[in-house]
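[1] Fold the following.
(one chain, ligands or ions: 1)
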Amino acid sequence: ADKANVVILATGGTIAGAGASTANSASYQAAKVPVDKLILSVPELASVAQVRGEQVFQIASESFTNSHLLQLGKRISALAKQQDVDGIVVTHGTDTLEETAYFLNLTVHTDKPIVVVGSMRPGTAMSADGALNLYNAVVVAASPDARGKGVLVTMNDQIDSGRDVGKGINIKTNAFASQWGSLGMVVEGRNYWFRAPVKRHTMNSEFDIDKLDQLAPVEIVYGYGNVPASLYEAAAAAGARAIIHAGTGNGSVADRIVPTLQSLRGKGVQIIRSARVPAGFVLRNAEQPDDKHDWVVAHDLNPQKARILAAVALSQFSDSQNLQRVFWEY
Ligand SMILES: NC(=O)C[C@H](N)C(=O)O
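    Numbering: from 1, shown residues only. From the prediction side, this is the model:
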């Protein structure tokens, strides 16, 4: 049978990084190796798919902005509409990979596999992880059985949902995990699936990258003992339409901060309670009377993913009821 056509969109990151010596696993420059060289460095890709590359950006992922998300999403959407494209791989830095993967999951209308992948070590290091991660990404992107599962991430032999996955540790190569479990594994060129996502994504999303030209300004304020109200006020003064409260515990809010958040809500700013705790989920009307305050809870989304959803949603509507609905549905 003919091989699947897979396009690799390169954006930079450590997977395109280079260090001074093979012993440099953690000190190196990200975003150095161009996509064609990246593809040539894994000759096994040619036996999996007909692969071609495009250099979209060459940046470390901590430097991603909303306009990078929009540009990348629109390019993926255009490619996904082409008859001669069966799957798309995005090479990406790992620092904000979970944000981009969730953004694409929310906004690109296709059932073709979109796989976002990175590495923890540069290709120049001993035991570099990028080559196998990229190989696995191409395997998944070329697979008909990966269709309709939303945006996927292939790190460390796992296949994770772009919605659920997060970077939980730096330095180590097992950096990515989903609190509800991986969807499957990819081993020696084969996928093994164990579960499927139940949240709305891609084909079933009400958000559409082709109609999205701007993301609403949404900022995050980190909760901690002694946090001052001025940080929330500064976010609002800078134009935030929503503030993600990265709260302690179950998204709790210090007594002295509550009046500030109430007053910001009165001025139209959406208040979204998420948690700085890496697992679990924030319950509505627990810790704070969200109904009374007209606040929203971020469900199980971490603060950075909550920012992505709010920024997409508030570009389309502005009421808190709809905002809370999408936090349950996506
Ligand atoms: N491992 C990595 O890719 C980290 C790098 N800072 C990046 O996100 O681009």
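[2] Leaving out the residues flanking it, which one is nearest to the residue in the stretch 201-330 of the chain positioned nearest to the ligand?
    Checking the stretch 201-330 of the chain residue by residue against the ligand with C-beta to the nearest ligand atom singles out residue 304 as nearest, at 12.8 Å. (C-beta placed from N, C-alpha, C; glycine too.) On the basis of C-beta to C-beta, 6 or more residues apart in numbering, the spatially nearest residue to residue 304 that is not a chain neighbour turns out to be residue 99, at 5.3 Å.
[3] now this structure, which segments are flagged as low pLDDT?
    1 (pLDDT under 70).
[4] Heading C-terminal from whichever strand or helix holds residue 312, find the next helix or strand.
    For residue 312, the enclosing helix or strand under DSSP states H and E is helix 303-313. Reading on from helix 303-313 to the C-terminus, the next helix or strand found by DSSP H and E is helix 320-329.
[5] residues contacting residue 317?
    Applying C-beta atoms under 8 Å, 6 or more residues apart in numbering to residue 317 gives the contacts residue 323.
[6] what sits against the residue of the stretch 201-330 of the chain closest to the ligand?
    Contacts were defined as C-beta under 8 Å, 6+ apart; by that measure residue 304 touches 96, 98, 99, 220.
[7] angle of the host helix or strand of the third one against helix 303-313?
    Meaning residue 99. Residue 99 is part of helix 97-107 when elements are defined by DSSP H and E. Note on geometry: by axes from the mean of the first three to the mean of the last three C-alpha atoms, to 10 degrees, helix 97-107 and helix 303-313 are set 30 degrees apart in direction.
[8] What helices and strands are in contact with whatever helix or strand comes next after helix 97-107?
    Stepping forward along the backbone from helix 97-107, the first helix or strand reached (DSSP H and E) is strand 114-117. Where contact means 3 or more C-beta pairs under 8 Å, 6 or more residues apart in numbering; DSSP states H and E, strand 114-117 is packed against strand 87-91, helix 97-107, helix 130-141, strand 152-155.
[9] Please report phi then psi for residue 272.
    Its backbone dihedrals place residue 272 at phi -120, psi 120, with angles given as degrees, to the nearest 10.
[10] That one: neighbouring residues, count only.
    By other C-beta atoms under 10 Å, 30 other residues sit near residue 272.
[11] How about the contacts made by it?
    Each residue near residue 272 by C-beta under 8 Å, 6+ apart is listed here: 242, 243, 244, 245, 295, 296, 297, 298, 306, 310, 323, 327.
[12] what about 6 Å?
    By C-beta atoms under 6 Å, 6 or more residues apart in numbering, residue 272 lies in contact with 242, 244, 296, 298, 306, 310.
[13] The ligand next: which of the residues you listed are close?
    Counting by C-beta under 6 Å from any ligand atom, nothing from the contacts of residue 272 sits close to the ligand.
[14] mind saving the C-alpha coords of stretch 72-87 as CSV?
    Backbone C-alpha positions of stretch 72-87 (Å, rounded to 0.1, in the frame of the first residue of the first chain) are rendered in CSV as follows:
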residue,chain,number,x,y,z
LEU,A,72,0.5,27.7,13.6
GLY,A,73,-3.2,26.7,13.9
LYS,A,74,-4.1,28.3,10.6
ARG,A,75,-1.3,26.5,8.8
ILE,A,76,-2.3,23.2,10.3
SER,A,77,-5.9,23.7,9.4
ALA,A,78,-5.0,24.6,5.8
LEU,A,79,-2.8,21.5,5.5
ALA,A,80,-5.4,19.2,7.0
LYS,A,81,-7.8,20.2,4.2
GLN,A,82,-5.4,19.0,1.6
GLN,A,83,-6.0,15.6,0.0
ASP,A,84,-2.3,14.8,-0.1
VAL,A,85,-1.9,15.2,3.7
ASP,A,86,-2.8,12.3,6.0
GLY,A,87,-1.3,13.5,9.2
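[15] Just the buried positions in that stretch, please.
    Within stretch 72-87, the residues that qualify as buried by neighbour count (16 or more other C-beta atoms under 10 Å) are 72, 73, 74, 75, 76, 77, 79, 80, 85, 86, 87.
[16] Relative to the ligand, which of those is nearest.
    Nearest to the ligand among the buried residues of stretch 72-87 is residue 72, at 14.1 Å by C-beta to the nearest ligand atom.
[17] Counting neighbours, what do you get for the closest residue to that closest one other than its chain neighbours?
    Spatial nearest neighbour of residue 72, chain neighbours left out: residue 56 (5.8 Å); criterion: C-beta to C-beta, 6+ apart. With neighbours defined by other C-beta under 10 Å, the count for residue 56 comes to 20.
[18] Please verify my assumption that residue 56 contacts residue 12.
    No - under the criterion of C-beta atoms under 6 Å, residue 56 lies out of contact with residue 12, with a separation of 8.9 Å.
[19] And the helices in the stretch 1-150 of the chain?
    With DSSP state H, counting those that start in this stretch as the criterion, the stretch 1-150 of the chain has helices at 35-40, 66-80, 97-107, 130-141.
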